[in-house]
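Asks: What shape does this take:
(chains A and B)
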Amino acid sequence: MKSSKRTILGFLLACLAFVAMPVAAQAKPTITISGSTTVAPLATQLAKGYLKSKKCRKNGGCVKFKILQGGSDIGVADVSRGRVTLGMSSRIPKESDPGGIVFNEIAKDALCVATHTDNKINDMTQDQVQDVFSGAVRDWSDVPGSNLNGTVNVTIRTAASGTQDAFDKIFMAPKKTFSGASQKASNGLIEQQLQRDPLALGYLSLAFQKGVHIVNYKGVPCTLRAAKSGQYPGTRPLFLVSRGPASGASKKWINWIRNNKQALRIASSSWVPFK
Amino acid sequence: MSDILNVQGEGLRRLLLAFGLALAVFGLTGLASAVNANAEDEVIVGINCSGKVEPVEDSLFPDSFSYEFGCNQDISAFTLVSNRLIDNFSTEVIGVDGAGEPGDAQDFFCTSTVPSYGFGCYGSPGKTPPTVITNGNHAIGEFSMFDDACAADVQPRVWGIAQAEYTSTNDLKDPPSVKTWLATSEPFLLNTKAINCKVLNAKAKAQKTCARVKKMKKGSNARTKARKLCVRARAAAQKA
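Replies: Numbering: from 1, shown residues only, chains lettered A, B, ... in the order given. Presented below is the predicted three-dimensional model:
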């Protein structure tokens, strides 16, 4: 009789463990993120930093991240419809954005005007930038400081891009970029175009400067130092967008990004940290 | 063998000759039928890929590695899988040629859960034709591991799986019939020689070795020996 009671108890405990295990396994939240291809490398590094932080590791790994991309507009659309936990955006809110979303700033970025390394143009004023990107000036021989002749191949980002939106607002307003400009889906593709085409002109996030020539803007070099000091006039905020105020695991992560020394160190590698 | 067959001398030689002739006849027949079978079968062009993983010295995080691979077909997507947890990866990957020059519009975006055992990358979505990293070009990117690369009992390994267009051509027909379809390659192992660990799981081994010290009788030679091994193991763990 005793042994059958033990057997039943053991069986019940095993059942309980079987039920409890998947529940325990599901206890770790997943933060899904989509959006800006500019913010994605920063978000991925911050995700890693958070996972490695003492607080997170102490709890057996406190969270998982699922990282997607698609452009700032995709991030805003996804988070507003509840498809992801957070959207990444490299632009400020637009009037046309859905209601109920909150743009949580996590860092700043500098937008740099850039050319092929053969083009030695040192500096461009805002008027010069607007003239070339709007198509008013079409030949490099008409751009002061350029050593090249030939049609300027203007390269910009696609419509879903927060970088394009930021460039329009910071550099171009009230003028518009040239409708005949070549459109690229990411900083990487613009970087690539500038590396290959001596006549190309484009703009890039500060973290994408490999093999291209960066042009000073309004007499200020586009460097991390100038961006951090506030001297460089082409900086823009980067955001993690939440549906309503951030809560739970997302809130903890955003607070960590804004306040933790390790997070600020990660952000300062190629961006301007929050503090 | 002669014992088993219970034949000797001349008998054995005849048997072996007969066996050899049979082998030759059937072998030729087999070869002919194989040739005939190939002539009837369509030729399928498969995908072959190769690459390597190397450590990155000046990265923001320790245990950071660069990867590079290429295939004999145009790749429209790929996945890298490791036997280690990965918690960071390049979110954008460019296809480059042998001279390091980027291929035209060969730009992939990468996504994954972190930490996990890999990540997947795809060309610009919605484009026609799809973005590819062309045959002969290499995908180059970086990733980092969640744990110390050598804190396991086996060497770190990384496999790739590439998506490409397979083609089969039957040119016995006139006109030849060509079929194409998207498929993934078999997993190919990237060369990880450069990241092989000299000592695997050094810390755990040191802990196990040192735990033996207390089990030995105090003052005994065995305890002294165990203590020496412990010191050596700890030194190796520090170096690793």
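
Asks: Pick out the residue nearest the middle of the chain.
Replies: No chain specified, so I'll use chain A. residue A:39 (1.3 Å; C-alpha atoms, centre = their mean).

Asks: oops, I was thinking of chain B
Replies: Closest-to-mean residue, chain B, C-alpha atoms, centre = their mean: residue B:189 / 0.9 Å.

Asks: wait, it sits on residue B:156?
Replies: No: the criterion here is C-beta atoms under 8 Å, and residue B:189 misses it with residue B:156 at 11.6 Å. To be clear about C-beta, it is placed using only N, CA and C from the backbone, and glycine gets the same treatment.

Asks: show me where pLDDT drops low in the chain?
Replies: Since no chain was named, I'll use chain A. Scanning chain A with the threshold set as pLDDT under 70 gives A:1-4, A:6-27, A:59-60.

Asks: that's the wrong chain, I meant chain B
Replies: Ranges of chain B meeting pLDDT under 70: B:1-45, B:125-126, B:239-240.

Asks: What residues does it have near chain A?
Replies: Contacts of chain B with chain A, taken as C-beta under 8 Å from any C-beta of the partner chain, map to B:60-61, B:87-92, B:94, B:101-102, B:104-107, B:109, B:111-116, B:124-125, B:144, B:146.

Asks: Tell me, how many residues neighbour residue 57?
Replies: Defaulting to chain A. 13 (other C-beta atoms under 10 Å in any protein chain shown).

Asks: Please refer instead to chain B.
Replies: With other C-beta under 10 Å as criterion, residue B:57 counts 6.

Asks: Helix, strand, or coil at it?
Replies: coil (DSSP: H, G, I helix; E, B strand; the rest coil).

Asks: just residue B:130 next, same as before
Replies: Residue B:130 - assigned by three-state DSSP - is coil.

Asks: all helices of chain B, in order?
Replies: Ranges of helices within chain B are B:2-5, B:10-40, B:202-215, B:221-239, based on DSSP state H.

Asks: how about the third one: buried residues?
Replies: For helix B:202-215, a neighbour-count test (16 or more other C-beta atoms under 10 Å in any protein chain shown) marks B:202, B:203, B:205, B:206, B:209, B:210, B:212, B:213 as buried.

Asks: Can you pull the domain assignment for the chain?
Replies: In the absence of a named chain, this looks at chain A. A:31-109+A:236-273, A:110-235 (automatic domain parsing).

Asks: wait, I meant chain B there
Replies: B:2-40, B:45-195, B:202-239.

Asks: Determine the longest strand present in chain B.
Replies: Across chain B, the longest stretch assigned as strand under DSSP state E is strand B:75-89.

Asks: Enumerate the positions of that one that are buried.
Replies: B:75-82, B:84, B:86-89.

Asks: How about stretch B:183-195?
Replies: Going by 16+ other C-beta under 10 Å, stretch B:183-195 has these buried residues: B:185, B:188, B:190, B:192, B:195.

Asks: can you put those residues in TSV and add distance to residue A:252?
Replies: Shown next, in TSV, are those (distance: C-beta to C-beta, whole Å):
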residue	distance to residue A:252
B:185	40
B:188	40
B:190	36
B:192	35
B:195	33
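
Asks: Quickly run through the sheet partners of the helix or strand where residue A:155 lies, with directions.
Replies: In this assignment (DSSP states H and E), residue A:155 forms part of strand A:153-157. Sheet pairing of strand A:153-157 (DSSP bridges) gives strand A:182-184 (parallel), strand A:200-205 (parallel).

Asks: that older thread, out of the buried residues of helix B:202-215, who's nearest residue A:62?
Replies: When those are ranked by distance to residue A:62 (C-beta to C-beta), residue B:203 comes first, at 23.2 Å.

Asks: Neighbours of the nearest residue to that closest one once chain neighbours are set aside, how many?
Replies: Nearest residue to residue B:203, sequence neighbours excluded (C-beta to C-beta, 6 or more residues apart in numbering or on different chains): residue B:237, at 4.8 Å. Neighbour count of residue B:237, defined by other C-beta under 10 Å: 19.

Asks: and the residue nearest to residue B:110 when sequence neighbours are not counted, what are its bridge partners?
Replies: Among residues not flanking residue B:110 along the chain, residue B:121 sits closest, at 4.1 Å (C-beta to C-beta, 6+ apart). Counting by DSSP bridges, residue B:121 is bridged to residue B:78, residue B:110.

Asks: Hmm, residue B:139 and residue B:121 touching each other?
Replies: Yes: when contacts are counted by C-beta under 8 Å, residue B:121 is listed as touching residue B:139 (7.4 Å).

Asks: So between the two, which is more surrounded?
Replies: residue B:139 (27 against 24).

Asks: got the contact list for that one?
Replies: Counting by C-beta atoms under 8 Å, 6 or more residues apart in numbering or on different chains, residue B:139 touches B:51, B:67-70, B:75, B:78, B:93-95, B:108, B:121, B:133.

Asks: Please apply the same query to residue B:161.
Replies: By C-beta under 8 Å, 6+ apart, the residues touching residue B:161 are B:78, B:79, B:81, B:184, B:185, B:186, B:187, B:188.

Asks: Cross-check the contact I'm expecting between the fourth one and residue B:162.
Replies: Yes: under the criterion of C-beta under 8 Å, residue B:184 lies in contact with residue B:162, with a separation of 6.8 Å.

Asks: got the contact list for residue A:55?
Replies: A:62, A:256.

Asks: how close does it sit to chain B?
Replies: 16 Å (C-beta to the nearest C-beta, to the nearest Å).

Asks: pretty sure that residue belongs to a strand, no?
Replies: No: Residue A:55 is assigned helix when assessed by three-state DSSP, not a strand.

Asks: returning to what we had before: the strands paired with strand A:153-157 into CSV, with extra columns for mean neighbour count?
Replies: Formatted as CSV, the strands paired with strand A:153-157 follow (neighbours: other C-beta atoms under 10 Å in any protein chain shown):
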stretch, mean neighbour count
strand A:182-184, 17
strand A:200-205, 26
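
Asks: Of the ones you listed, which is nearest residue A:85?
Replies: From the strands paired with strand A:153-157, taking C-beta to C-beta, the stretch that ends up closest is strand A:200-205, at 23.5 Å.
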